[in-house]
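Enquirer: Just to be clear, the model below is a prediction. Sequence and coordinates:
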Amino acid sequence: MPVTPDDTRLMDVQQGGRCFYCDGPVGAKATFDHLIPQAYGGIDAPANVVLAHRRCNQRKGDRLPTAGELDRFFSLRRGSRLGVWPPLHALREAVLRGAGEDAAWIAVAEAIARLR
Ligand SMILES: [Zn+2]
């Protein structure tokens, strides 16, 4: 289920027309950033996507979201039909347990494997 135009409009409203990363106004120039990068199995669906400037999207690159970014994403999606992809829950639990970078990647990979 790729991101539809309706999903994009809803994300834009929920983010207040602002970039997920820098909080600057983004509007029609927004790009889709995948919180868990597609290169590592992240899905192309609203539950794993935020709106961001192209430059912020590129700067984020292929890293995992930080604890603060996860908190922000979870609060944006609370009660929203756009949802949260289960591996993001697994990542948040790992981060809250104090997992380092390697352990966080393993938690994500295991959560993705459980969905298959
Ligand atoms: Zn930005």
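Expert: Thanks, I have the structure now.

Enquirer: need the residues of the protein near the ion, please.
Expert: Within the chain, the positions near the ion by Cβ under 5 Å from the ion are 19, 21-22, 53, 56. Bear in mind the C-beta positions are built from the backbone N, C-alpha and C, glycine included.

Enquirer: Would you format those as a markdown table with neighbour count, pLDDT and secondary structure included?
Expert: Converted to a markdown table, the residues of the chain next to the ion look like this (neighbours: other Cβ atoms under 10 Å; pLDDT from 0 to 100; DSSP: H, G, I helix; E, B strand; the rest coil):
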| residue | neighbour count | pLDDT | secondary structure |
| --- | --- | --- | --- |
| C19 | 23 | 98 | coil |
| Y21 | 20 | 98 | coil |
| C22 | 13 | 97 | coil |
| H53 | 20 | 98 | coil |
| C56 | 20 | 97 | helix |
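
Enquirer: For the residue nearest to the spatial centre of the chain, which non-adjacent residue is closest in space?
Expert: Central residue of the chain (Cα atoms, centre = their mean): L35, 2.9 Å from the mean position. Spatial nearest neighbour of L35, chain neighbours left out: P65 (4.9 Å); criterion: Cβ to Cβ, 6 or more residues apart in numbering.
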